[in-house]
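**Q** Quick one: sequence and predicted model below, then my questions.
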Amino acid sequence: MRIECPFCGERDHSEFAYLGDAGCARPAPGAADAQARFVEAVYLRENPAGAHRELWYHEFGCRSWVQVTRDTRTHEILEVRLAGASAAP
Amino acid sequence: MVDSAYGPLSPFAAMPASAGTGEGVVAGEREGLGIARITARNRQLAALEQLVHKRLHLALPAGPRRMRSGDLAAAGVGPECWLMTCESAGNAFAAGLRDSIGGHAAVVDLSDAYVMLRLAGARVREALAKLVPVDLHERSFQVDDVAQTVAEHMAVTLWRLEDTGRGEAAFELSVGRSFAQSLYRAVHDSAAEFGFVFETR
Ligand SMILES: [Zn+2]
């Protein structure tokens, strides 16, 4: 599997570290139902067969966080962009 | 005051200076180089580019490329981040940078943190091909192209120099100082079949 880093260009996935789901927002810890929300956020995740947005870190490269859209069935990389302010919500 | 008898020692001083026969790969250590990483402060990129252009007469490259101006060079190593080098300037380089552009960039002195090897020769691409997972073909990796990648599990930064006077490819390869001997060993072993020579001044 090769990932097209927006800065470095196409690199082997072994240069990257995988973090996980890019769509998971941390619940507000002060909310009344915080415990239930955290259980959902930590344990109850979608496991799509298809496109999945995820965060990777280009550790042995430019050390940027990138948001990768990957097809979980084929490992086809559909999109890569720098994570952070410019990334999709 | 008497000078100390304990001067700086190259990490390569005790390493085998050659391998195999011939000079397919010739290596040397880049000594005395001032090295600093600069990172644009938040929303200061445009101001930093203008200041560097005005004070250092250098255009900061936008991608993984290297720009040179006299003794000075800037290599793009990440978004809004550059590894700058200055010949023979040592630690004074980063101190000077902090004074001149520190308002718009975080400046970190890495002169002692990195060691840098210069590698040249008719077989240098073949030796490097065994170490880094980046295509170094002359059309794919051009003069002043920069790559940060991995060589035998070590994070390395490399760039291509102008070909030598003999028309042979040349690169500079840097690594964290504590990895210096491991990287040297990797280059030495990889280049042995082509003939490896380490030149000291
Ligand atoms: Zn990268």
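**A** Nice, I can see it. Numbers count the residues shown, from 1 in each chain, chains lettered A, B, ... in the order given.
**Q** quick one: low-confidence ranges for the chain?
**A** With no chain named, the answer covers chain A. Scanning chain A for pLDDT under 70 picks out A:85-89.
**Q** that's the wrong chain, I meant chain B
**A** For chain B, the ranges with pLDDT under 70 are B:1-4.
**Q** Spell out the residue ranges of the strands in it.
**A** Taking DSSP state E, the strands of chain B run over residues B:18-19, B:25-29, B:34-40, B:66-69, B:72-78, B:81-86, B:105-109, B:114-120, B:146-151, B:154-161, B:170-176, B:196-199.
**Q** Buried residues of the fourth one, list them for me.
**A** Think strand B:66-69. Using 16 or more other Cβ atoms under 10 Å in any protein chain shown as the test for burial, strand B:66-69 gives B:66, B:67. C-betas here are computed from N, CA, C, even on glycine.
**Q** Quickly list the domain ranges of chain B.
**A** Under the assignment automatic domain parsing, the domains of chain B span B:16-31+B:113-199, B:34-109.
**Q** Could you tell me the end-to-end distance of the last one?
**A** It stands for domain B:34-109. 8 Å (Cα to Cα, to the nearest Å).
**Q** about what we covered before: so can I have JSON lines of the domains of chain B showing distance to residue A:8?
**A** Shown next, in JSON lines, are the domains of chain B (distance: least, Cβ to Cβ, whole Å):
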{"stretch": "domain B:16-31+B:113-199", "distance to residue A:8": "7"}
{"stretch": "domain B:34-109", "distance to residue A:8": "6"}
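**Q** Please identify the residue most distant from the middle of chain A.
**A** Distance from the C-alpha centroid of chain A, by Cα atoms, centre = their mean, peaks at residue A:32 (28.2 Å).
**Q** tell me the SS of that one?
**A** Secondary structure, DSSP: H, G, I helix; E, B strand; the rest coil: residue A:32 is coil.
**Q** tell me the contacts of it?
**A** Listed by Cβ atoms under 8 Å, 6 or more residues apart in numbering or on different chains, residue A:32 has no contact partners.
**Q** again, but for residue B:86
**A** B:33, B:34, B:71, B:72, B:73, B:93.
**Q** Pick out whichever of the residues you listed sits closest to residue A:79.
**A** residue B:73 (33.5 Å; Cβ to Cβ).
**Q** and residue A:42, that's in a helix?
**A** Yes. Applying three-state DSSP, one finds residue A:42 inside a helix.
**Q** what number of residues lie near it?
**A** 11 (other Cβ atoms under 10 Å in any protein chain shown).
**Q** ok, now residue B:129?
**A** 15.
**Q** Excluding chain neighbours, what is closest to it?
**A** Counting by Cβ to Cβ, 6 or more residues apart in numbering or on different chains, residue B:136 is the residue found nearest to residue B:129 once chain neighbours are left out, at 6.5 Å.
**Q** Buried only: go through the contacts of residue B:86 for me.
**A** Here, 16+ other Cβ under 10 Å leaves B:33, B:34, B:72, B:73, B:93 buried among the contacts of residue B:86.
**Q** Hmm, the last one is touching residue B:108, no?
**A** No. Shown here, residue B:93 and residue B:108 do not form a contact pair, counting by Cβ atoms under 8 Å, at 11.6 Å.
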